[in-house]
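Asks: Predicted model and sequence below, questions to follow.
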Amino acid sequence: MAEKSAKWITNLRNGLRRDCGEGWMVRGVGDGLVQRVQLTVRSDDGSRSSITLGPKAKTDPDFIPWVGTSAGWILNTSTQISELMKEKSKGLEEAYELLKQRNVDGANGLFDWERLAKKFKTHKTSNSKNGPRVWNRNYRTPIARTLLILTSEPAPKSGYSVLKTLVQRHGGEPGSTSRRLRIQYAAEFLRFAFTNGVSRCWLPPEDLKIFIGEKPVAQSQTDNEQQSQANA
C-alpha cells in the first residue's frame, strides 16, 4: 500500500493542479534525506517533460529542498513558469530559463523590494475586513523599517543581516513583546519574498531567538535564588 503523502505535499499538489492544470506534477527525487524538487508537465498528447527546480547541487546556498518550507516557493515558481509558457509559447525548460534570468536580474540589485512590499500589504489586507486596521497597527512600521534596510547602501546580503540590522537600529529591550513582534513581522515579509522569487539567502533563520533575545532576570528573582542557595 502506498504511503500517504504529508499534508503539505497534498496541499502543494492540489494547488499546482488548481493554478497550473491537471497535467502538472511535483515530487522529491534523489538519494538521501534531502531531495531535489522535480516538476513534470504532461502535455495533451501524453508526452512529458521534467525539470529540477532550483540548483542541482545540494551544496549550493540557493538549493531548494523537498521540504514543507519550500512549498510556497515551489507553487509560486511553477505558476510563473506556467504563465511564461502560455505568454511566450515556450516549453517547460525554456520558460524556466526565462524565469531564472529574471530572478538573476533581481539578485543583482534590480529586484523591486518596494513593489514586493506593496504586494505583501495587499496579501495581508485583502483577506478580511479588519485587514487594513491590522496592517496599520501591526505591520506598517516594521515593514517600512525593513524596506529601508533592504534599499540602503551598502545593501544587506541576506535575511540574517536584515534582521540583525533591524535589531541594531530599532531593537528595544531584549525579550520584550515589541521587539519580538517587530522581528516576527519582518521575518514574515522575508519568507513572503522568498515565496515570490527572491533568492533563498533572504530567508530568515528558523529560530528567531537570537534576534529577539531574552528578558533579563528580575532582581527580586535573583535575590530569591541567592537566598535559596545560601539556605541549602
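Replies: That came through fine.

Asks: what's the burial count for Lys119?
Replies: Residues near Lys119, counting by other Cβ atoms under 10 Å, number 14. In short, each C-beta sits where N, CA and C put it, glycine included.

Asks: And what about it, helix, strand or coil?
Replies: helix (DSSP: H, G, I helix; E, B strand; the rest coil).

Asks: do you know how far Arg42 is from Leu92?
Replies: As judged by Cβ to Cβ, to the nearest Å, Arg42 and Leu92 stand 10 Å apart.

Asks: Neighbour count for those two, which is higher?
Replies: Between Arg42 and Leu92, Leu92 has the larger neighbour count (other Cβ under 10 Å), namely 20 against 15.

Asks: Quick check, the more buried one in contact with Ser78.
Replies: No. Look at Leu92 against Ser78 with Cβ atoms under 8 Å: they stay out of range, at 10.0 Å.

Asks: how deep is Glu114 tucked in, by neighbour count?
Replies: 11.

Asks: what do you get for the one 4 residues further on?
Replies: Around Lys118 sit 12 other residues, with neighbours defined as other Cβ under 10 Å.

Asks: Pull out the buried residues from whichever strand or helix holds Tyr96.
Replies: Applying DSSP states H and E as the criterion places Tyr96 in helix 92-105. The neighbour-count check on helix 92-105 (16 or more other Cβ atoms under 10 Å) flags 92, 95-96, 98-99, 103 as buried.

Asks: what residues are up against the most centrally placed residue in the chain?
Replies: Residue closest to the mean C-alpha point of the chain, counted by Cα atoms, centre = their mean, is Arg191 at 2.4 Å. By Cβ atoms under 8 Å, 6 or more residues apart in numbering, the contact list for Arg191 reads 72, 203-204.

Asks: Could I get the phi/psi values of it?
Replies: Main-chain dihedrals, Arg191, degrees, to the nearest 10: phi -70, psi -40.
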